[in-house]
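Peer 1: Got a predicted structure plus its sequence, pasted below:
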Amino acid sequence: MPSYDFRLPRLHVTADIAADTIVTLDKAQSHYLTGVLRLGEGDSVLLFNGREGEWRARLVRADRKGAALTPEERTRPQPPAPDLHYLFAPLKHARLDYMVQKAVEMGAGVLRPVVTAHTQVARVNRDRMAANAIEAAEQCGILAVPRVEAEAPLAKVLDAWDAETPGRRLLFCDEGAATTNPLPTLQALPRGPIAVLIGPEGGFSEAERKRLQDLAFVTAIPLGPRILRADTAAVAALAVVQAALGDWS
């Protein structure tokens, strides 16, 4: 990833960004810049919207009505969105927040909650997930914020896989795998679109494991000799997949 100025605050906005226009911030962003960071008119901020790259902008209004910035210079072009899909059984709030943030940092391009037999949380707050994804992108210099999908039953996702994601291989993190090293399996796979599936705290049911193992588009991989918590497994799986087949290799 090209270097950028870590010293400047970064904000994600939904508005279009172009030189010498005005970008008006919402109430929360205005308070963050002027009330928390104590920035004033003339100070610089980095802006991105996931479409037009990153821009250095100047604060041109900071008053009780809110804050506004003028983009002056594009500092980085917009890269393609990451092609790594991350599927996971939802967790409770704090741990789900952590998982989403780490998945974004690890290069996931799509976040897709799936409901399994042992999932403890059947519904997720997509707005909260999206907010955590944006916060992680702001803090880590990421320009393409992942797409957040609605939750769906695992069986339904698998039924529609070939139609919805043709040619994409699903890497299923199998806590019951006979081996502990995922690298030989990953290194033997051809390059192509990838998705990673992490199960719930209680693991996949035997019926789910059997179905996954029987599907031609699924490859089972282990995650080492220890049982990992689901949020830890997310970081471990995404790291090893990125190193073997993704944008680290």
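Peer 2: Looks like it came in fine.
Peer 1: Contacts only, for the spatially closest residue to I198 that is not a sequence neighbour.
Peer 2: Taking CB to CB, 6 or more residues apart in numbering as the measure, I198 lies nearest to F88, with 4.6 Å between them; neighbours along the chain are not counted. The way it works is simple: take the backbone N, C-alpha and C, and place the C-beta from them, glycine included. When contacts are counted by CB atoms under 8 Å, 6 or more residues apart in numbering, F88 is found next to M99, A103, L111, R112, P113, V114, L197, I198, A230, A234.
Peer 1: Pop the domain breakdown of the protein in here.
Peer 2: Using automatic domain parsing, the domains assigned to the chain come out as 10-76, 84-245.
Peer 1: a markdown table for those domains, including mean pLDDT?
Peer 2: Putting those into a markdown table (pLDDT from 0 to 100) gives the following:
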| stretch | mean pLDDT |
| --- | --- |
| domain 10-76 | 95 |
| domain 84-245 | 94 |
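Peer 1: Determine the three-state secondary structure at the residue most central in space within the chain.
Peer 2: Using CA atoms, centre = their mean, the residue of the chain that lies closest to the mean C-alpha position is V104, 2.9 Å off. Of the three states, V104 takes helix under DSSP: H, G, I helix; E, B strand; the rest coil.
Peer 1: still on that earlier bit, A244 versus the residue nearest to I198, what's the distance?
Peer 2: With distances defined as CB to CB, to the nearest Å, the gap from F88 to A244 amounts to 19 Å.
Peer 1: which stretches of the protein form strands?
Peer 2: 10-12, 23-24, 44-48, 54-63, 66-76, 84-88, 108-115, 147-148, 152-153, 169-173, 194-198, 218-221 (DSSP state E).
Peer 1: Can you redo those as JSON lines, where the extra columns are distance to A131?
Peer 2: As requested, those are exported to JSON lines (distance: least, CB to CB, whole Å):
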{"stretch": "strand 10-12", "distance to A131": "10"}
{"stretch": "strand 23-24", "distance to A131": "19"}
{"stretch": "strand 44-48", "distance to A131": "16"}
{"stretch": "strand 54-63", "distance to A131": "20"}
{"stretch": "strand 66-76", "distance to A131": "19"}
{"stretch": "strand 84-88", "distance to A131": "17"}
{"stretch": "strand 108-115", "distance to A131": "12"}
{"stretch": "strand 147-148", "distance to A131": "10"}
{"stretch": "strand 152-153", "distance to A131": "21"}
{"stretch": "strand 169-173", "distance to A131": "26"}
{"stretch": "strand 194-198", "distance to A131": "21"}
{"stretch": "strand 218-221", "distance to A131": "31"}
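Peer 1: For L46, name its beta-bridge partners.
Peer 2: Beta-bridge pairing of L46 under DSSP bridges involves R10, R56.
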